[in-house]
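K.L.:
Turn this into a model:
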Amino acid sequence: MNTTRVLTQKEELGNKLKAIKQDVTAEDKKEYIKENDTTPQTISRYLKGGVLDISTGIKMLTFFSQKIQERNALINNTKTA
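P.N.:
Numbers count the residues shown, from 1 in each chain. The predicted structure follows:
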């Protein structure tokens with residue numbers, strides 16, 4: 001019998017954060033630290049999937065996803081010669 005384990009919310013959140021890690025810039029991290037009174041170590045842990053607190057993870061995912069979407073919009077709306 002093959003049973004599939006359901007991921008916890010923390011695990012799902014960690015997977016989503018790991019998926020966007022490559023697109024999170026140093027500037028994004030600096031801004032998040034300034035606005036949310038956290039440390040680079042905490043950001044690093046969460047972007048590696050180590051979610052300790054769901055509300056912090058959601059706040060981080062929301063913030064970084066918005067930054068990535070803003071950059072994608074600029075990239076997609078920029079015409080090349």
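K.L.:
Which of the helices or strands spans the residue nearest to residue 31 when sequence neighbours are not counted?
P.N.:
Closest residue to residue 31 apart from its sequence neighbours, by CB to CB, 6 or more residues apart in numbering: residue 67 at 7.7 Å. Heads up, the C-betas are built off the backbone N, CA and C, glycines and all. Per DSSP states H and E, residue 67 falls inside helix 54-77.
K.L.:
model confidence over that helix, on average?
P.N.:
Averaged over helix 54-77, pLDDT sits at 95.
K.L.:
Counting by contacts, list what it packs against.
P.N.:
helix 9-20, helix 26-36, helix 40-47 (3 or more CB pairs under 8 Å, 6 or more residues apart in numbering; DSSP states H and E).
K.L.:
let's see it at 7 Å
P.N.:
Packed against helix 54-77 by the contact rule (3 or more CB pairs under 7 Å, 6 or more residues apart in numbering; DSSP states H and E) you find helix 9-20, helix 26-36.
K.L.:
Highest mean neighbour count across those helices, which stretch is it?
P.N.:
Compared across these, helix 9-20 shows the largest average neighbour count, a mean of 16 (mean count of other CB atoms under 10 Å).
K.L.:
Which residues does that helix contact?
P.N.:
46-51, 54, 57-58, 60-61, 64-65, 68 (CB atoms under 7 Å, 6 or more residues apart in numbering).
K.L.:
cool, and stretch 34-41?
P.N.:
29, 32-33, 59.
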